[in-house]
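# sharing a model prediction with you, sequence too.
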Number of protein chains: 2
Amino acid sequence: MMDKIIRDNYQRETKIIDAVYPRTYRDSTIVHSDRLQCVYDVFTYTGDRLNDEGVKMNLMFLHGSGMNRFIWDYYVAHLLDYKLGAAINKIVTLDQVTHGDSSVLNRGKLGVGYDWSDGARDACKVAQKEFYSGLEDNSDDIINIVVGHSMGGFQAMCCGVLLPSLFDFIVTIEPVAYSPNVPNNSNVTVLPPKFFKAIASKVEDEFKNEAEYDKFMHERSFFTKTHPEIFERFKETERINMEDGSIRTKMERRQEMLCYMTLHPTSYWLLDGAKHIKVPVVSLVGGIATWAPKENQQVLQKSIPNYTVDVVPQGDHLMNIEMPDEMLKRLSVHFTKFAKEYQSKNYDNSNKSVARREEIFEEIYKETERNRVKNGKPVLAKL
Amino acid sequence: MMDKIIRDNYQRETKIIDAVYPRTYRDSTIVHSDRLQCVYDVFTYTGDRLNDEGVKMNLMFLHGSGMNRFIWDYYVAHLLDYKLGAAINKIVTLDQVTHGDSSVLNRGKLGVGYDWSDGARDACKVAQKEFYSGLEDNSDDIINIVVGHSMGGFQAMCCGVLLPSLFDFIVTIEPVAYSPNVPNNSNVTVLPPKFFKAIASKVEDEFKNEAEYDKFMHERSFFTKTHPEIFERFKETERINMEDGSIRTKMERRQEMLCYMTLHPTSYWLLDGAKHIKVPVVSLVGGIATWAPKENQQVLQKSIPNYTVDVVPQGDHLMNIEMPDEMLKRLSVHFTKFAKEYQSKNYDNSNKSVARREEIFEEIYKETERNRVKNGKPVLAKL
């Protein structure tokens, strides 16, 4: 079903890019000079749905721990069921370096230091490459939006700190940022053994056969409540069939466990930077979700200047894969609202003669001088 | 003199790269979709001075407001007079987008929103491109160092926040970060008219003739006390001879004034991020300098985990161009000390068999699990 919609409406290309180098931690790779790669899909809209206002949008979707880029295919297909306030131009979904097809390429190179912000740097690199190529003159009529779930939500916010104007709008779904931690001197993530074991019981990467893989996925994995179409897609895209009939997942179990052990200290970097995010952030929060403490939303709300919480009453932490239709409905509302606000600003991005450019510069320079040279006693800010 | 040393010891190449896009502020350019460019020089050491220990170093130099990349040529030449603890591999000097040759390329495109951190993003892009190309297997034996003066010192620290492992060592000379400001609601830089005029009187970009240019540079500019060789180099590299015999500087006067009007709010972003800088920072501080208040160093010292202040008793704010020999002597001491510490870590970066890589991973994974799964009551950090 979704495959046909995607085929009929998009050109889908799978691409490979060098991941950002160097990584934050030396132990991100076994040999420090090794280069990692990132696999991503670009869906270029080929249909004829036009937006009334002529504005286009690029979208990037970032998955959470243990997932892969294919969980978003359902979104790529069914966003077309909604009015979005802008016409889709390109959609990018990518596998983090330790996840999905990226992890297959990087096998043997990966170490233990997975820094979540490195995933955001990779996302920025891909967006810079894909969202600004092949544009016509008036590229201001393109809105770039990033949507991230859980760890991907964290990374979506990191993008707003690293490269403040790359994405015009950030949407997080159950973002993880401020989390309880066993106190320690290095400010790294330390988990209680009981919690660690509870997660570990839901993560496996080797199965004797098809039946075992199926049983695990349906009964014991994180995916037991996943929407059937997304479930099937994930199950099929994450498996590797071994010669002896056994099945492995693309992501290694230990790499998934490392995701849960590596939120801190980068989370403090994000929380210190969050107040400098310039663009609006909308956070879809699960009403029955307990993965992140309530303080997580409170801190983000307090820190990010333009932050809106949208509570999904029946949603749990994995609501992006468990109730995608509800998510799509809400995303379409937020996208449309944002696109309207964006258009109301009427950015004039037409090309200009040299003389006109000089006039404009002189005008905005004078205004800047007026705004930035004023009487008053200079004082040091309170930090 | 310095030209001959450079010719005899380096291959010098001038290169152009697309500056990072998008810029932080929409008004960085007149037309938002315009792309800026960055001009830089790469000096590749071709001499036969070998380092005893076999370690090589890459260096990047970042200039302050109103200067250009050529002020560092003296350093490129005379670093060779000192023992550095490592053999020079490449040195990069670059013109910020509103400065020097970059500003000539970008003329007509530049707006008023010069964000200092964008300059750091450009520096990171250039370093990523230049410092990791053409390496042999054991690239861990290369140390990357960034040295920045004033605004360039600010940008050197920004690099440590943006891409924490790109530079192994950050050296700032009279860095500007925490500065008094006329309070205002937007947290932007606001300067008192008197101070603004005092700066403005030292900045001109059009001269009737050679004599006027000379007179201004020698008597009224910021450069009156500059070391003679650097002074001549700057004067020659910054001038444009117009057809009518008049002289212009490459940098536009208004762009230089904008540098002074754009420290805030990005300075707050840096100060919030400073505590997350992972690498050592050494700050050369002028003993008689008053450009930055004493609180500037106090805040940086308090924020940056590994921060060393090295006071230069007779140094003023522009000591990098006024007393370059003293700077070179001190830089050589700091470089040597850092190189020794780096080597004492004995990073093993030899390539490894698949089996050996698996063994190493298993070992460091187990250690990570031991360190990150421990009994204790998880609590939320105080923010």
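Noted; the coordinates are in hand.
# the stretch 201-350 of chain A: strands as residue ranges?
Along the stretch 201-350 of chain A, counting by DSSP state E, counting those that start in this stretch, strands occupy A:206-207, A:239-241, A:247-249, A:281-286, A:307-312.
# mind giving me CSV with those strands and columns for distance to B:Gly100?
Using the backbone N, CA and C atoms, a C-beta is placed for each residue, glycine as well. Shown next, in CSV, are those (distance: least, C-beta to C-beta, whole Å):
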stretch, distance to B:Gly100
strand A:206-207, 58
strand A:239-241, 53
strand A:247-249, 53
strand A:281-286, 37
strand A:307-312, 40
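# for A:Pro193, give me its contacts.
B:373-375 (C-beta atoms under 8 Å, 6 or more residues apart in numbering or on different chains).
# most neighbours out of those, which is it?
Counting neighbours by other C-beta atoms under 10 Å in any protein chain shown, the top entry in those is B:Val373, with 21 neighbours.
# what sits against the residue lying closest to it once chain neighbours are set aside?
Counting by C-beta to C-beta, 6 or more residues apart in numbering or on different chains, A:Phe196 is the residue found nearest to B:Val373 once chain neighbours are left out, at 4.6 Å. The neighbours of A:Phe196, taking C-beta under 8 Å, 6+ apart as the test, are A:257, A:260, B:373.
# how about the host helix or strand of A:Phe196: buried residues?
For A:Phe196, the element it lies in under DSSP states H and E is helix A:193-200. Under the neighbour-count criterion of 16 or more other C-beta atoms under 10 Å in any protein chain shown, helix A:193-200 has A:196, A:199-200 buried.
# could I get those as a markdown table with distance to B:Lys250 and pLDDT?
A markdown table is the format used below for those (distance: C-beta to C-beta, whole Å; pLDDT from 0 to 100):
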| residue | distance to B:Lys250 | pLDDT |
| --- | --- | --- |
| A:Phe196 | 59 | 97 |
| A:Ile199 | 58 | 96 |
| A:Ala200 | 61 | 96 |
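# out of those, which comes closest to A:Leu163?
Of all the buried residues of helix A:193-200, A:Leu163 sits closest to A:Ile199, with 31.8 Å by C-beta to C-beta.
# tell me which of the strands of the stretch 201-350 of chain A sits nearest to B:Glu367.
strand A:206-207 (22.7 Å).
# if we look at the closest one, which residues are touching it?
Contacts for strand A:206-207 (C-beta under 8 Å, 6+ apart): A:213, A:216, A:246-248, A:253.
# now the strands for the stretch 1-150 of chain A?
A:10-18, A:37-45, A:56-62, A:87-95, A:142-149.
# quick one: which of these is nearest B:Leu84?
Per C-beta to C-beta, nearest to B:Leu84 of the strands of the stretch 1-150 of chain A: strand A:10-18, 30.5 Å.
# now the helix holding A:Phe196, how far from the centre of its chain.
Computed by C-alpha atoms, centre = their mean, to the nearest Å, the chain-centroid distance of helix A:193-200 equals 26 Å.
# quick one: contacts for the nearest residue in space to A:Ala292 that is not next to it in sequence?
With sequence-adjacent residues excluded and distances taken as C-beta to C-beta, 6+ apart, A:Ala292 is closest to A:Val176, at 5.4 Å. When the contact criterion is C-beta under 8 Å, 6+ apart, the partners of A:Val176 are A:150-151, A:153-154, A:263, A:291-292, A:296.
# kindly report the same for A:Arg69.
A:39-41, A:61, A:63, A:93-95, A:100-101.
# quick one: the nearest residue to A:Ala120 once chain neighbours are set aside from A:Val176, how far?
Counting by C-beta to C-beta, 6+ apart, A:Ala120 lies nearest to A:Cys158, which is 3.4 Å off, once chain neighbours are set aside. The gap separating A:Cys158 from A:Val176 is 12 Å, by C-beta to C-beta, to the nearest Å.
# quick one, helices of the stretch 101-250 of chain A?
A:116-131, A:151-162, A:193-200, A:210-219, A:228-238 (DSSP state H, counting those that start in this stretch).
# wait, which of those is closest to A:Asp48?
helix A:116-131 (21.7 Å).
# what's that closest one packed up against?
strand A:10-18, strand A:37-45, strand A:56-62, strand A:87-95, strand A:142-149, helix A:151-162, helix A:266-273 (3 or more C-beta pairs under 8 Å, 6 or more residues apart in numbering or on different chains; DSSP states H and E).
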